[in-house]
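>>> Curious how this folds, go ahead:
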Amino acid sequence: MSKLSVSDKKNWVFDLDNTIYPAENDIFVEMNDKICLYIMDLLKIDNEGLFKFKKKYFKDYGTTLDVLIKNYNVDPIDFLNRVHDLDYSVIKYNKDLKNILQKAPNEKYIHTNGIKSHCDKVLDKLEISNLFNDCFDIIEANFIAKPQQKNYDIMQNRFNIDFKNTVFFEDMAKNLVVPKKMGMTTVWIYTEQTKHQYDEYKDYIDYAIDDLVKFLSF
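So this is what the prediction gives:
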């Protein structure tokens with residue numbers, strides 16, 4: 001596996017869920033379950049209705065929140081607070097990750113479609129909160145989620161960073177299209193369940209990896 005030198009780019013921007021911690025921690029599974037229950041309760045539908053809901057909206061919207069705001073007049077703060085009421089005990093401290101981030105002189109940021117309080121709790125569990133300059137969340141993005149161009153524009157202004165001097169780490173391949181077009185170096189973290197996406201997005205992926213710690217080890 002090719003490695004990324006810490007001297008290559010000044011800024012490292014990380015997605016949060018299934019990126020700064022591995023997907024096997026399963027907290028995103030719990031979040032997804034809460035999202036499904038929220039939709040079913042809101043629309044008074046069963047599992048079959050939920051399947052139809054996803055089929056209807058999945059391709060045309062970046063996130064469930066986007067669907068609910070535009071089509072169902074949902075209070076975004078209520079939705080976000082409810083789906084981020086999670087069991088953070090499943091997030092496991094990673095000494096190697098902490099050591100790498102401590103040694104790396106790069107400016108480090110979190111860019112998430114979640115909320116800052118969720119980011120804070122995750123980073124606290126990993127004991128790396130003090131290693132990041134800032135977190136940009138969906139509320140600061142005016143509820144405009146990745147992969148929409150406007151989200152990245154607002155993030156760039158918020159962090160005041162040069163995208164051509166930035167590495168972007170993300171587990172969702174579709175979220176790398178805009179960063180690559182904007183000049184960022186892109187790193188895709190895949191799993192057995194997602195690696196089939198590579199062929200569709202390979203033109204926007206500089207590095208495809210399955211282990212963040214191994215990739216960043218130096």
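
>>> shouldn't Y198 be in contact with A173?
Yes - at 7.1 Å, Y198 counts as touching A173 under the criterion of CB atoms under 8 Å. For every residue, glycine as well, the C-beta is placed using N, CA and C.

>>> between those two, what contacts are shared?
188, 190, 205 (CB atoms under 8 Å, 6 or more residues apart in numbering).

>>> Present those as TSV; the columns should include pLDDT.
Below are the shared contacts of Y198 and A173 laid out as TSV (pLDDT from 0 to 100):
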residue	pLDDT
W188	97
Y190	97
I205	97
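
>>> Give me the phi and psi for the residue of the chain most remote from its centre.
For the chain, the C-alpha lying farthest from the average C-alpha position belongs to K44; by CA atoms, centre = their mean, that distance is 29.1 Å. Its backbone dihedrals place K44 at phi 60, psi 50, with angles given as degrees, to the nearest 10.

>>> ok so, going back, Y198 and A173 - which one has more neighbours?
Of the pair Y198 and A173, A173 is the one with more neighbours under other CB atoms under 10 Å, namely 24 against 13.

>>> one step back: ok, and the most crowded of the shared contacts of Y198 and A173?
Ranked by the number of neighbours (other CB under 10 Å), the shared contacts of Y198 and A173 place W188 first, at 26 neighbours.

>>> backbone phi and psi for M31, please?
The phi and psi values for M31, taken as degrees, to the nearest 10, are phi -60, psi -40.

>>> Repeat that for D26.
phi 70, psi 10.

>>> can you give me the helices for the chain?
Taking DSSP state H as the test, the helices found in the chain are 27-43, 47-57, 64-72, 76-83, 95-103, 116-126, 149-159, 177-181, 198-201, 212-216.

>>> Figure out which of those helices is closest to D8.
Relative to D8, the nearest member of these by CB to CB is helix 212-216, separated by 11.5 Å.
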